[in-house]
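Chemist: Sequence and predicted structure are below.
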Amino acid sequence: MAIQLTPEQERRIRNVVNAGAYTSAHEALDAAVAAVEIAATPVFEGSQEELENLLLKGLATEKLPEEEFWDSVDRETNATLAVHKPGSRV
C-alpha cells in the first residue's frame, strides 16, 4: 500500500528525525503506527491493584491438565458469549 503524506506530516516527521528521536523517517513512521495500534487496543480498565491481584491469583492457580484447561476456556468463552449475545437479558 502506498501512502502519500501531506507536507505538514512530512515536516513533522523530519523534525522528529532531526531532533534525534529516530534515525530515519521509516523508523519514525514505524513508531507512529505502533502508537496507533497501542491506542486502538482495549486496555484493562481496573486499577493497578486489581491487575496485580488477578496476576497473583493466576500464578497461584493449580495447573490443569491441557484438556481440562481447554475445556474450561470453552466453558468461560461460551458463558461470556451467552451474556453478550444480542437479545440476551442479564
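Modeler: Looks like it arrived, so ask away.
Chemist: So the protein: which segments form each domain?
Modeler: Taking automatic domain parsing as the reference, the chain has its domains at 7-40, 48-84.
Chemist: hey, which of those is tucked in deepest?
Modeler: Most buried of these, by mean neighbour count (mean count of other Cβ atoms under 10 Å): domain 7-40, with a mean of 12. To be clear about C-beta, it is placed using only N, CA and C from the backbone, and glycine gets the same treatment.
Chemist: Now do the helix or strand of the chain with the lowest mean pLDDT: everything it contacts.
Modeler: The weakest-scoring helix or strand in the chain, judged by mean pLDDT, DSSP states H and E, is helix 48-60 (a mean of 84). By Cβ atoms under 8 Å, 6 or more residues apart in numbering, the residues outside helix 48-60 that reach it are 44, 46.
Chemist: tell me the mean pLDDT over the next helix or strand after that helix?
Modeler: Sequence-wise, the next helix or strand downstream of helix 48-60 (DSSP states H and E) is helix 66-84. Averaging pLDDT along helix 66-84 yields 86.
Chemist: now stretch 5-15
Modeler: 94.
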